[in-house]
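In: The amino acid sequence is not available; the structure is as follows:
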């Protein structure tokens, strides 16, 4: 199997270091691409990523590419570790150069700007190509992967043979993989984790009481489990329960986005200030009313009104969620 990792930010690079250290006979070749040519140049020269110099690569057989079209030729598995807003453009760019049978592992935890799941959009974009799609989500902090601390993730794919392949490529003593054929459940888990992390940052900034904060978070978790009961499956624990709780740690990207909303900034101001950063939670929050699943939950539309449209007050929000006032 020939593997290509697209995107060498912290998470993509952590996956590259991890996979390159696993002695798996299925892996015939590892390639990596990043749009930042200085990073690729440094990795080609001395296998050191300029942003993560403490973690040099130990596998000199990795091939680095500055040209994406060249990188995807004859590849079996593509691992997408890029800003979610660029995914569809990348898929469209590489489509003419893909093998007839292609496998994609997506690590994005977001809705598209049109409110769709990436599993749906990528399959449509690659119609006519025999595609196997998988999604990874869970308690996979990049710094822990780089430091070889234990992380636990869930991977979802409908093809069980593909799941076995992916699990064998990533599984190690420090990288535990749980598997499920419920792709949508894994996508929902990652999306909601980011949205509720934003809500947590907002409520902390607005000085909600501790009781209010955790009651509201529990209610929002309950609404998802009520509408999509299979999300509580044990193999989804890393993507749902564990990652959700990790998202409430102070200082996470989505927590900070929530504090910015709590300080009164609107979505346009935040998008401008964080132009080059991954804003998956904010994009998902802005487009959830267009999603066929989340739009069915009135309380999530209420959350969008509070944080994005800002057309209800905190007291109105609390009354509707806590007291069920109409």
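Out: Everything's here; your move. Please read these numbers as outputs of a predicted model, since none were measured by experiment.

In: May I ask you to confirm that residue 192 is in contact with residue 244?
Out: Yes. Counting by CB atoms under 8 Å, residue 192 does reach residue 244; the two are 7.3 Å apart. C-beta: built from backbone N, CA, C; applies to glycine.

In: quick one, which of those two is more surrounded?
Out: residue 192 (27 against 22; other CB atoms under 10 Å).

In: Name all residues that make contact with the residue lying closest to the more buried one once chain neighbours are set aside.
Out: Nearest residue to residue 192 in three dimensions, chain neighbours excluded: residue 224, at 5.6 Å (CB to CB, 6 or more residues apart in numbering). For residue 224, the contacting residues are 188, 192, 231, 297, by CB atoms under 8 Å, 6 or more residues apart in numbering.

In: Farthest pair within the residues you listed?
Out: Spanning the widest gap among the contacts of residue 224 are 231 and 297, at 13.1 Å by CB to CB.

In: What's the first helix or strand after the helix or strand harbouring the residue nearest to residue 192?
Out: Using DSSP states H and E, residue 224 sits within helix 210-227. Later in the chain than helix 210-227, the nearest helix or strand by DSSP H and E is helix 243-246.

In: Contacts for that next one, please.
Out: For helix 243-246, the external contacting residues (CB under 8 Å, 6+ apart) are 137-139, 141, 189-190, 192-193, 196, 221, 252.

In: gap between it and the chain center?
Out: 13 Å (CA atoms, centre = their mean, to the nearest Å).

In: Stretch 287-300: which residues count as buried?
Out: 287-288, 291, 293-294, 297, 300 (16 or more other CB atoms under 10 Å).

In: what two of these have the greatest distance between them?
Out: Within the buried residues of stretch 287-300, 287 and 297 form the most distant pair, 14.4 Å apart (CB to CB).

In: remind me, longest helix of this protein?
Out: helix 183-205 (DSSP state H).

In: Mind giving me the packing neighbours of that one?
Out: Helix 183-205 sits against helix 118-125, strand 130-139, strand 151-157, helix 210-227, helix 243-246, helix 253-262, helix 280-287, helix 298-304, with contacts defined as 3 or more CB pairs under 8 Å, 6 or more residues apart in numbering; DSSP states H and E.

In: can you list contacts of whatever helix or strand comes next after the last one?
Out: The element immediately downstream of helix 298-304 (helix or strand, assigned by DSSP H and E) is helix 314-318. Applying CB under 8 Å, 6+ apart, the external contacts of helix 314-318 come out as 206, 208, 212, 216, 302-303, 306.

In: which of those residues are buried?
Out: Neighbour counting by 16+ other CB under 10 Å classes 206, 208, 212, 216, 303, 306 among the contacts of helix 314-318 as buried.

In: Tell me the confidence at the fourth one?
Out: With respect to pLDDT, residue 216 scores 97.

In: I'd say it and residue 204 touch.
Out: No. At 11.8 Å, residue 216 does not count as touching residue 204 under the criterion of CB under 8 Å.

In: wait, isn't residue 261 in contact with residue 271?
Out: No. Residue 261 lies out of contact with residue 271 (CB under 8 Å); the separation is 11.9 Å.

In: Packing partners of the helix or strand bottoming out on mean pLDDT in the chain?
Out: The least trusted helix or strand in the chain, going by mean pLDDT, DSSP states H and E, turns out to be helix 267-273, with a mean of 76. When contacts are defined as 3+ CB pairs under 8 Å, 6+ apart, helix 267-273 sits against helix 253-262, helix 280-287.

In: how far is the longest one from where the chain is centred?
Out: Taking the mean C-alpha point of helix 253-262 and that of its whole chain, the gap between them comes to 17 Å (CA atoms, centre = their mean).

In: now do the last one
Out: The chain centre lies 12 Å from the centre of helix 280-287; the measure is CA atoms, centre = their mean.

In: pLDDT averaged over it - what is it?
Out: 91.

In: okay, the angle between that helix and helix 183-205?
Out: Compare the direction of helix 280-287 with that of helix 183-205 by axes from the mean of the first three to the mean of the last three CA atoms, to 10 degrees and you get 100 degrees.

In: Strands of the stretch 1-150 of the chain, start to end?
Out: Applying DSSP state E, counting those that start in this stretch to the stretch 1-150 of the chain gives strands spanning 2-6, 29-33, 63-65, 77-80, 101-106, 130-139.

In: Who does the first one pair with, and is each partner parallel or antiparallel?
Out: Right, the one you point to is strand 2-6. strand 29-33 (parallel), strand 77-80 (parallel) (DSSP bridges).

In: and those strands, which is most packed in?
Out: Comparing the strands paired with strand 2-6 by mean neighbour count (mean count of other CB atoms under 10 Å), strand 77-80 comes out on top with a mean of 23.

In: pLDDT wise, what is residue 156 at?
Out: On the pLDDT scale, residue 156 is placed at 97.

In: For it, list each beta-bridge partner.
Out: Beta-bridge partners of residue 156, counted by DSSP bridges, are residue 135, residue 180.

In: tell me the contacts of it?
Out: Residue 156 neighbours (CB under 8 Å, 6+ apart): 134-135, 137, 179-187.

In: Sounds good, over and out.
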